[in-house]
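Colleague: requesting a structural model of the entry that follows:
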Amino acid sequence: MMFELGYVRPEEVPQIPRLAKEPKAVIYSPLGEATATLEVVLFACKPAGAMLLQEAANRAGVGSGVPALGRPTCMALPASIQHGTMTSLGCIGNRVYTGWVRMSCTWCCGEKMWRRSRRR
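Modeller: Next comes the predicted model:
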């Protein structure tokens, strides 16, 4: 579908981060209510919030230093597992299907980095 709409070109696919294997399940829940082992912590936020989260990660010594990603937003999830933290500037699908029109950034932290930052 993304090809048919011209949103992603076939030659871009190799650069899109993806999971090493297909997950058995994907669970989204508020962080405080999470009962499963976390692989990624996702924050929907305004740019100022993403900036503060990234600065806090850097201060805690767990920031990735990887530049912010563009579209598609979903690539930030596997990228944060690979690199530790990730900021995504979002994509139209993210805004349309989630209703996060004004939350123009997504900030993700891989599980290992989340644990390290929580210990400090």
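
Colleague: Ala76: what secondary structure?
Modeller: helix (DSSP: H, G, I helix; E, B strand; the rest coil).

Colleague: quick one: it and Cys109 touch, right?
Modeller: No. Ala76 is beyond contact range of Cys109, at 10.3 Å (criterion: Cβ atoms under 8 Å). The way it works is simple: take the backbone N, C-alpha and C, and place the C-beta from them, glycine included.

Colleague: shared neighbours, those two?
Modeller: Common contact partners of Ala76 and Cys109 (Cβ atoms under 8 Å, 6 or more residues apart in numbering): Met86.

Colleague: CA atoms of the longest helix that the chain contains as PDB?
Modeller: Criterion DSSP state H: the longest helix present in the chain is helix 47-59. Provided in PDB are the C-alpha atoms of helix 47-59 (Å, rounded to 0.1, in the frame of the first residue of the first chain):
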ATOM      1  CA  PRO A  47       9.000  18.600  20.100                       C
ATOM      2  CA  ALA A  48       9.900  20.400  23.400                       C
ATOM      3  CA  GLY A  49       9.000  17.200  25.300                       C
ATOM      4  CA  ALA A  50      11.100  15.000  23.000                       C
ATOM      5  CA  MET A  51      14.000  17.500  23.400                       C
ATOM      6  CA  LEU A  52      13.800  17.100  27.200                       C
ATOM      7  CA  LEU A  53      13.600  13.400  27.100                       C
ATOM      8  CA  GLN A  54      16.600  13.200  24.800                       C
ATOM      9  CA  GLU A  55      18.600  15.600  27.000                       C
ATOM     10  CA  ALA A  56      17.700  13.500  30.100                       C
ATOM     11  CA  ALA A  57      18.800  10.300  28.200                       C
ATOM     12  CA  ASN A  58      22.100  12.100  27.300                       C
ATOM     13  CA  ARG A  59      22.600  13.200  30.900                       C
END
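
Colleague: by neighbour count, which bits of it are buried? Give me those.
Modeller: Within helix 47-59, the residues that count as buried by 16 or more other Cβ atoms under 10 Å are Ala50, Leu53, Gln54, Ala57.

Colleague: closest one of the residues you listed to Pro67?
Modeller: Using Cβ to Cβ, the shortest approach to Pro67 within the buried residues of helix 47-59 belongs to Gln54, at 11.0 Å.
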